[in-house]
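Asks: can't give you the sequence, but here's the structure:
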Ligand code: CP
């Protein structure tokens with residue numbers, strides 16, 4: 001399969017190459033693919049991923065085809081494969097897909113058109129991981145030895161699951177924190193207050209209420225008191241430590257409103273970097289420099 005569906009099979013050298021290319025694009029390097037056409041097929045809500053992919057396409061001179069699942073033939077029972085195969089038959093040069101189905105791309109193996117994963121279930125969100133890594137690299141200039149803790153709804157988070165594997169491979173010290181009900185054992189657990197005091201990167205995760213089968217055991221107020229990143233907790237962080245969050249944020253649940261844009265926060269920088277990472281990934285796939293095999 002062409003495109004980028006997961007980071008699991010990409011080498012750390014290739015990941016560094018994508019980050020370097022994204023930084024070059026951010027520095028003003030221009031690349032154009034006039035005459036190419038791509039679409040974003042989102043079957044789950046999105047603000048950042050969908051529209052930053054579209055901005056990335058426009059920056060690269062690629063025409064964006066609009067798609068709205070609620071008025072497409074999906075509503076008549078069309079399968080994901082048939083929708084994607086249709087866009088391939090129409091002559092598109094690539095599609096970005098987000099689906100709530102884990103590893104949905106496995107049913108698209110025979111599609112030759114590049115597929116870019118905009119997030120699948122609780123499994124992968126490769127361009128989010130890449131923009132997180134780009135933001136960390138811009139900040140620290142390296143990965144090895146950095147201590148990061150992902151805090152909150154780890155078990156439902158494709159961002160956490162994608163990041164834990166690649167961050168470990170890059171030599172980072174990776175921990176998770178938050179309520180026991182969201183601890184899936186995917187990394188060693190760290191007390192939240194200890195994480196704030198000792199980590200280089202405190203990565204807050206959105207409580208993903210829409211993915212919960214059962215009601216969260218803690219009330220929103222209890223969650224905020226125990227696991228919310230507040231101004232008081234930010235004051236305990238190391239001088240050069242930073243705050244990240246993939247967003248959207250639940251203000252006053254996992255993060256206090258006055259922390260979202262505080263001096264240590266890189267949340268909006270992550271969004272800006274998302275455009276450059278997505279430009280880099282699209283460009284490298286169209287140039288044949290990036291191929292995802294799973
Ligand atoms: N971070 C992220 O994936 O945001 P959206 O759901 O808005 O795309």
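Replies: Ah, there it is. Please read these numbers as outputs of a predicted model, since none were measured by experiment.
Asks: Spell out which parts of the stretch 51-200 of the chain neighbour the ligand.
Replies: For the stretch 51-200 of the chain, the residues found near the ligand under the criterion CB under 6 Å from any ligand atom are 119, 128. Every residue, glycine included, has its C-beta placed from N, CA and C.
Asks: Nearest spatial neighbour of the residue in the stretch 151-294 of the chain positioned nearest to the ligand, chain-adjacent residues omitted?
Replies: Distances between the stretch 151-294 of the chain and the ligand by CB to the nearest ligand atom are smallest at residue 246, namely 3.9 Å. Distances taken as CB to CB, 6 or more residues apart in numbering place residue 159 nearest to residue 246, at 4.6 Å, with adjacent residues excluded.
Asks: And for the one you found, the neighbour number?
Replies: 24 (other CB atoms under 10 Å).
Asks: Please, which helix or strand holds it?
Replies: helix 158-169 (DSSP states H and E).
Asks: contact partners of the next helix or strand after that helix?
Replies: Next along the chain after helix 158-169, taking DSSP H and E as the criterion, comes strand 173-177. Residues from elsewhere that reach strand 173-177 (CB atoms under 8 Å, 6 or more residues apart in numbering): 145-152, 154, 160, 163-164, 167-168, 183, 186-192, 195, 199, 227.
Asks: which element follows strand 173-177 toward the C-terminus?
Replies: Toward the C-terminal end, the helix or strand that comes next after strand 173-177 (DSSP H and E) is helix 192-198.
Asks: The next helix-or-strand element following that following helix near the ligand at all?
Replies: Downstream of helix 192-198, the next assigned helix or strand under DSSP H and E is strand 201-204. No - contact of strand 201-204 with the ligand (CB under 6 Å from any ligand atom) is absent, the minimum separation being 11.9 Å.
Asks: Adjacent strands (with direction) for strand 201-204?
Replies: strand 147-151 (parallel), strand 242-244 (parallel) (DSSP bridges).
Asks: returning to that earlier point: what sits up against the helix holding residue 159?
Replies: 6-8, 12, 15, 119-126, 128-129, 132-133, 143, 148, 150, 154, 174, 176, 186-187, 203, 205, 246.
Asks: What backbone torsions are found at the residue sitting furthest away from the middle of the chain?
Replies: Of all residues in the chain, residue 76 has its C-alpha farthest from the mean position, at 30.6 Å, by CA atoms, centre = their mean. In terms of degrees, to the nearest 10, the main-chain angles of residue 76 are phi -100, psi 10.
Asks: now swap in the one 3 residues further on and tell me
Replies: The phi and psi torsions at residue 79 (degrees, to the nearest 10) take the values phi -80, psi 170.
Asks: got a pLDDT number for it?
Replies: Looking at residue 79, its pLDDT is 96.
Asks: what's the neighbour count on it?
Replies: Around residue 79 there are 11 residues (other CB under 10 Å).
Asks: try residue 19
Replies: The tally of other residues near residue 19 (other CB under 10 Å) stands at 23.
Asks: same thing with residue 263?
Replies: Residues near residue 263, counting by other CB under 10 Å: 7.
Asks: Just tell me which of the strands paired with strand 201-204 ends up closest to residue 23.
Replies: Proximity to residue 23, assessed across the strands paired with strand 201-204 by CB to CB, is greatest for strand 242-244 (17.3 Å).
Asks: So which residues make contact with the closest one?
Replies: By CB under 8 Å, 6+ apart, strand 242-244 touches 132, 135-136, 139, 200-204, 229, 234, 237, 259, 262, 264-267, 270.
Asks: could you say which helix or strand contains the residue in the stretch 51-200 of the chain that the ligand sits nearest to?
Replies: With CB to the nearest ligand atom, the shortest gap between the stretch 51-200 of the chain and the ligand falls at residue 128, namely 5.4 Å. Assessed by DSSP H and E, residue 128 sits inside helix 126-140.
Asks: What is that helix packed up against?
Replies: Applying 3 or more CB pairs under 8 Å, 6 or more residues apart in numbering; DSSP states H and E, one finds that helix 126-140 contacts helix 12-26, helix 48-59, strand 115-120, helix 158-169, strand 242-244, helix 267-286.
Asks: elements contacting the third one?
Replies: Read that as strand 115-120. Using 3+ CB pairs under 8 Å, 6+ apart, strand 115-120 sits against strand 3-4, helix 48-59, strand 94-99, helix 126-140, helix 267-286.
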